[in-house]
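Colleague: A predicted structure for the sequence below; I have some questions about it.
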Amino acid sequence: MVWPKRKQLRLSTYDYNQNGLYFITICIHNRKCLLGEIIDDKMFKSNAGRMVEQIWYQIPVYNPGIHLHEFTMMPNHIHGIVELENASISLSGVIQKFKSMTTCKYIDGVRNHLWETFDKKLWQRNYYEHIIRNDQSLDTIQNYIINNPKNWENDKLYRAT
């Protein structure tokens with residue numbers, strides 16, 4: 001059987017181990033709204049959402065050289081700015097560990113706390129990243145992250161909850 005070739009999302013000539021700021025978006029598999037809901041332009045996190053947020057903020061504890069900046073959670077995805085500064089792990093390594101840790105904890109929540117189930121995988125296979133190259137880009141992305149809950153119904157990842 002011949003598998004279809006997946007579209008490469010990363011820049012082939014860029015070293016994702018190098019110091020810098022990266023804007024990332026990670027989506028729940030099938031964009032299922034498991035992390036909470038938006039009410040009156042404000043995100044109300046589910047227990048699962050609170051767990052995901054807690055693990056997000058623990059990333060620097062277990063990964064020296066990783067700094068977190070702006071972050072927001074939406075019902076079916078997260079946005080964040082990750083900074084690598086002489087880190088011993090690549091951006092993809094950080095995301096892989098984050099997805100693995102949250103998936104394990106989510107499975108525990110399903111088994112022991114009746115959290116809503118997910119279909120085969122908690123997170124989509126890939127993630128979106130953008131290399132932040134200047135202060136203007138950083139400012140634009142920070143504002144996008146901060147205002148994302150206000151724009152939920154116009155978001156391309158929107159799913160009615």
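Modeller: Received the coordinates, thanks. Because the structure is a prediction, the values reported are computed rather than measured.
Colleague: Any idea how far apart the tips of stretch 58-72 sit?
Modeller: 15 Å (C-alpha to C-alpha, to the nearest Å).
Colleague: Which of the residues in it are classified as buried?
Modeller: For stretch 58-72, a neighbour-count test (16 or more other C-beta atoms under 10 Å) marks 59-60, 63, 66, 69-72 as buried. In this view, the C-beta of every residue, glycine as well, is placed from N, C-alpha and C.
Colleague: And for it, what's in contact with it?
Modeller: 21, 43, 53, 56-57, 78-89, 94, 97-98, 141-142, 145-146, 148-149 (C-beta atoms under 8 Å, 6 or more residues apart in numbering).
Colleague: Quick check: closest non-adjacent residue to residue 117.
Modeller: In space, and not counting its chain neighbours, residue 117 is closest to residue 110: 5.6 Å by C-beta to C-beta, 6 or more residues apart in numbering.
Colleague: got the contact list for the one you found?
Modeller: So residue 110 contacts 116-118 (C-beta under 8 Å, 6+ apart).
Colleague: ChimeraX command to pick out the buried ones of those residues?
Modeller: A single ChimeraX command selects the buried members of the contacts of residue 110 (16+ other C-beta under 10 Å):
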select :118
